[in-house]
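K.L.:
Next comes the sequence, and after it the predicted model I'd like to discuss.
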Amino acid sequence: MKEKINVAVIGLGGRGSGMARSISKMEDVNLVAVCDAYEDRVEDAKKRAIEDGQPEPFGTTDYKEIIEMGNLDSVYIATDWSTHVRIAIDFMKHGIPAAMEVGGAYTLDECWELVDTYEQTGTWAMMMENCCYGERELMVHNMVRKGMLGKIVYCSGKYAHDLREEVGYGDLRRHYRLRNYIGRNCENYPTHELGPIAKILDINRGNKFTTLISVCSGAYGMHDYVNRNKDLKKSLGKVEFKQADVVKTFIKTERGEMIELTLDTTLPRYYSRGFTVRGTKGLYQEDGDTMYFDKPSFKKREWEQKNFWGRGKRYAKKYNHPLWQSVTKETLEMGHGGIDYFVLRAWIESVKEDKLPPIDVYDAAAWMSITALSDKSLAEGSVTLEIPDFTRGKYLNREPQPEGDYYID
């Protein structure tokens, strides 16, 4: 086991720069290199690393220069959606494990290439899906494993987040969402909601996705937003946004569960991941943070009572994952209420201990493929499509993940 590892960060926008700072503050990590297409971001990242007590890292606008450094243990990739997989594969081919930020795939071919590269080289990639480490997601995962919700039948989740400002001012902020919302229509960000659900349903470890169908609304939200903001109307007023305001995707699994995903990002709304798990004995629902069980203590029409909502916290003390039973103030402050810390540590511990990560290439390929497939389903009139088995049949006999603080089982 390595006591300290050398890592690089590729992509220094809002997400990458924030995670670089978190990495810099970890005593068992050396941040040895930073990279972005924009030189000012590179220089800012170098300065921040020094402020956080790191030696000045090597900086470049060409990530291939980092591949050739020769003293790298792993790389964290937070570039735009279209380049995550390509960069990860390039590092994997040089024997360097890659941590990839979330986002959907543009084609099924890139999902297959990610899997093939791992199988040919033995070098892994991990998808950095922090929502797999959410407090309620892990609590419900634990309750499902203990049989408290019975046989799971239906799960749903959302990426429900008003992103009109981020999309509209994408050029000014150098953010890639703008060009995606102009040129694509799909479930473009599935993994926040799908990752925790896939872990609960044993996807790639005894179960698999089988089919998908996507349906959508029209695309009106961004047009309205642009035309109510004079500074955007001049440049974007005549632009036709292709991305629908609401996209729903329905996935079936081999065991018979149904998954419903919702993308809802260009209309006024509050933030929610809408995490919901329903079984034959009860349910958990994130909106309202409540649970309901099929037993006498849950009286008829109890949901009309004020104390019904928010009862999820009553179960936390007994059923929370050990990570959340020992959480510290420093952990909670690291980003997104602690889940950034947990996913970073899962990656770092996997590198230090030379073991496979808890979210592997098969997970990444299956989850990311939903974007490419939803694109095709919508383009062809909401047709039903088969979802590939990226394990090539190995899911039937793959062992449960080993025990460990950051494994999800």
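P.N.:
Sure thing, it's come through. Keep in mind that what you see is a predicted model, and the values were worked out from it rather than measured.
K.L.:
Give the buried residues for whichever strand or helix holds S22.
P.N.:
Secondary structure assignment for S22, by DSSP states H and E: helix 14-24. Using 16 or more other Cβ atoms under 10 Å as the test for burial, helix 14-24 gives 15-24. For glycine as for every other residue, the C-beta is placed from the backbone atoms N, C-alpha and C.
K.L.:
Spatially, which two of these are the most separated?
P.N.:
The distance between the two most remote of the buried residues of helix 14-24 (Cβ to Cβ) is 15.0 Å, for R15 and S24.
K.L.:
partner residues bridging the nearest residue to R311 once chain neighbours are set aside?
P.N.:
Using Cβ to Cβ, 6 or more residues apart in numbering and skipping the chain neighbours, the partner closest in space to R311 is T290 (5.3 Å). Taking DSSP bridges, one finds Q285 as the beta-bridge partners of T290.
K.L.:
Pull the number of nearby residues for T290.
P.N.:
Using other Cβ atoms under 10 Å, T290 has 17 neighbouring residues.
K.L.:
Restrict the helix or strand encompassing A364 to CA atoms and write it as CSV.
P.N.:
Using DSSP H and E, A364 falls within helix 361-379. Only the C-alpha atoms of helix 361-379 are listed here, as CSV (Å, rounded to 0.1, in the frame of the first residue of the first chain):
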residue,chain,number,x,y,z
VAL,A,361,-15.9,0.7,-16.0
TYR,A,362,-19.0,-1.6,-16.3
ASP,A,363,-21.0,0.8,-14.1
ALA,A,364,-19.7,3.8,-16.0
ALA,A,365,-20.6,2.3,-19.4
ALA,A,366,-24.0,1.2,-18.4
TRP,A,367,-25.0,4.4,-16.7
MET,A,368,-23.5,6.7,-19.4
SER,A,369,-25.1,4.7,-22.2
ILE,A,370,-28.5,6.0,-21.2
THR,A,371,-27.7,9.3,-22.7
ALA,A,372,-26.8,8.0,-26.1
LEU,A,373,-29.8,5.6,-26.1
SER,A,374,-32.2,8.3,-25.0
ASP,A,375,-31.0,10.5,-27.9
LYS,A,376,-31.7,7.7,-30.3
SER,A,377,-35.1,6.8,-28.8
LEU,A,378,-36.3,10.4,-29.0
ALA,A,379,-35.0,11.0,-32.5
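K.L.:
which of the residues in that helix are buried?
P.N.:
361-378.
K.L.:
got it, and stretch 79-92?
P.N.:
Buried, per 16+ other Cβ under 10 Å, within stretch 79-92: 79-81, 83-85, 87-92.
K.L.:
quick one: which of those is nearest L267?
P.N.:
Nearest member of the buried residues of stretch 79-92 to L267, counting by Cβ to Cβ, is W81, at 21.6 Å.
K.L.:
From what I see, that closest one and M100 are in contact.
P.N.:
No - applying Cβ atoms under 8 Å as the test, W81 and M100 come out as separate, 10.5 Å apart.
K.L.:
returning to that earlier point: which single one of the buried residues of stretch 79-92 is nearest to P388?
P.N.:
Set against P388, the nearest of these by Cβ to Cβ is V85 (15.2 Å).
K.L.:
before we move on, back to that, give me the distance between the residue nearest to R311 and K281.
P.N.:
From T290 over to K281 the distance is 15 Å, taken as Cβ to Cβ, to the nearest Å.
K.L.:
How about the contacts made by the residue nearest to R398 when sequence neighbours are not counted?
P.N.:
Counting by Cβ to Cβ, 6+ apart, R398 lies nearest to R205, which is 4.7 Å off, once chain neighbours are set aside. Taking Cβ atoms under 8 Å, 6 or more residues apart in numbering as the contact definition, R205 lies against 395, 398-401.
K.L.:
Return the members of those residues classed as buried.
P.N.:
Neighbour-count burial (16+ other Cβ under 10 Å) applied to these gives 395, 401.
K.L.:
What ranges does the stretch 301-409 of the chain have for its strands?
P.N.:
Secondary structure of the stretch 301-409 of the chain (DSSP state E, counting those that start in this stretch): strands at 385-386.
K.L.:
Show the low-confidence segments of it, by residue range.
P.N.:
Applying pLDDT under 70 to the stretch 301-409 of the chain picks out residues 301-306.
K.L.:
and V75, what does it touch?
P.N.:
With Cβ under 8 Å, 6+ apart, V75 has these contacts: 7-10, 66, 87-88, 91, 96-99.
K.L.:
What about K394, how many residues nearby?
P.N.:
13.
K.L.:
hang on, A88 packs against I77?
P.N.:
Yes - counting by Cβ under 8 Å, A88 touches I77, with 5.8 Å between them.
K.L.:
overlap in contacts of these two?
P.N.:
Both A88 and I77 are in contact with 98, 100, where contact means Cβ under 8 Å, 6+ apart.
K.L.:
In space, what's closest to I370 - neighbours in sequence excluded?
P.N.:
P190 (4.4 Å).
K.L.:
ok, the one you found - contacts?
P.N.:
P190 neighbours (Cβ under 8 Å, 6+ apart): 104, 159, 249, 261, 263, 367-368, 370-371, 374.
K.L.:
mind redoing it with 6 Å?
P.N.:
Residues near P190 by Cβ atoms under 6 Å, 6 or more residues apart in numbering: 104, 261, 370.
K.L.:
looking at this, L283 is in a strand?
P.N.:
Yes - under DSSP: H, G, I helix; E, B strand; the rest coil, L283 sits within a strand.
K.L.:
residues in contact with it?
P.N.:
With contact taken as Cβ under 6 Å, 6+ apart, L283 is in contact with Y292.
K.L.:
All the helices of the stretch 251-400 of the chain, residue numbers only.
P.N.:
316-319, 322-325, 329-333, 339-352, 361-379 (DSSP state H, counting those that start in this stretch).
K.L.:
Who are the packing partners of the longest one?
P.N.:
In terms of contact count using 3 or more Cβ pairs under 6 Å, 6 or more residues apart in numbering; DSSP states H and E, helix 361-379 is assigned the packing partners helix 108-121, helix 191-200, strand 209-216.
K.L.:
between these, which gets nearest to D231?
P.N.:
Among these, strand 209-216 comes nearest to D231, with 28.6 Å by Cβ to Cβ.
K.L.:
and the closest one, what other elements does it pack with?
P.N.:
So strand 209-216, by 3+ Cβ pairs under 6 Å, 6+ apart, packs with strand 246-253, helix 361-379.
K.L.:
at 10 Å what do you get?
P.N.:
Using 3 or more Cβ pairs under 10 Å, 6 or more residues apart in numbering; DSSP states H and E, the elements in contact with strand 209-216 are strand 246-253, strand 258-264, helix 361-379, strand 385-386.
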